[in-house]
Structures are given as structure tokens and as C-alpha cells.
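Trainee: Below is the structure, and that's it, no one-letter string:
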């Protein structure tokens with residue numbers, strides 16, 4: 001399941017997460033970069049499709065964060081930065097709202113802590129990480 005081809009959505013990001021964990025624990029060595037490149041190429045196509053079709057904002061942010069933080073700069077597009085920041089709540093600075101649908105493609109988020117102003121902890125955490133990655137990229 002973690003190496004299946006032609007996957008989409010959260011399965012793709014979780015394949016990358018498992019790959020990163022395997023690489024960190026020395027289970028993958030030489031071929032890890034090539035697999036990361038393959039998965040991030042698929043994630044890039046999925047992110048473009050997701051954004052163009054008013055898809056899942058949480059997934060889109062997760063896709064951008066995971067691939068950009070391991071060095072794939074193609075994910076740090078200026079237009080995508082503006083899309084993500086347009087989802088930020090102007091009064092609280094966080095992302096999401098308690099009214100967002102928790103079920104997406106038969107997947108439930110196991111735990112999402114309610115935050116002040118009804119924001120979503122998972123989405124806000126991902127977005128915070130992504131914005132930090134953008135800052136690091138633009139300062140280099």
C-alpha cells in the first residue's frame with residue numbers, strides 16, 4: 001500500500017511520510033531520493049488538480065508542505081502562496097473553521113483539537129509550517 005502507484009489525495013502524502021520515516025530509520029538508503037522525487041511529482045499533479053477544482057484545502061496545504069520542506073522548490077509557487085494566505089482568517093490568523101466538513105473521500109481526521117475562534121488545529125499547523133517554509137525559501 002505504501003508503494004502502490006497511481007494513488008491520489010492523502011494516500012500520496014502518507015506514502016511520502018512513510019518514505020521519510022523509513023529513510024530516517026535507515027530502512028531506505030540510496031533509492032529514497034528517487035522515490036521521493038516520484039511521489040512528489042505525483043503530489044504536484046494532484047495539488048494542481050485539487051486547487052483547480054476547489055478541492056480540499058487541508059490536503060493542498062499538506063501536499064505543498066511535505067514536498068517543499070524536503071527541497072522541492074516547485075511547490076513554493078507565488079500563486080499558491082496567495083491561495084493559501086487567502087484562506088487565513090484575518091481576525092485570528094488561523095486556518096479553517098469548525099464548520100468545515102471533516103469527512104473527505106471517506107477519510108476522517110482522527111483527532112482535530114478545537115481552537116479558539118473555531119479554527120482547525122491540523123490545518124493551522126500545516127499552514128504555519130508551510131508559511132515558515134516559504135519565508136525560509138524567500139530569505140535564501
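Mentor: Structure's in. What do you need? Everything numeric here is computed off the predicted structure, so don't read it as measured data. Numbering: from 1, shown residues only.

Trainee: Who are the contact partners of residue 51?
Mentor: Contacts were defined as Cβ atoms under 8 Å, 6 or more residues apart in numbering; by that measure residue 51 touches 60, 80, 83. For glycine as for every other residue, the C-beta is placed from the backbone atoms N, C-alpha and C.

Trainee: same thing but at 6 Å, please
Mentor: residue 60 (Cβ atoms under 6 Å, 6 or more residues apart in numbering).

Trainee: Could you check which helix or strand contains it?
Mentor: Assessed by DSSP states H and E, residue 51 sits inside helix 32-52.

Trainee: Could you identify the helix or strand that succeeds that helix?
Mentor: Once the chain leaves helix 32-52, the next helix or strand it forms, by DSSP H and E, is helix 57-69.

Trainee: tell me the angle of that following helix relative to helix 32-52?
Mentor: When axes from the mean of the first three to the mean of the last three Cα atoms, to 10 degrees is applied, the directions of helix 57-69 and helix 32-52 differ by 150 degrees.

Trainee: Show the subsequent helix or strand relative to helix 57-69.
Mentor: Counting by DSSP H and E, what follows helix 57-69 is helix 78-86.

Trainee: so how far is the helix holding residue 51 from its chain's centroid?
Mentor: Between the centre of helix 32-52 and the centre of its chain there are 11 Å (Cα atoms, centre = their mean, to the nearest Å).
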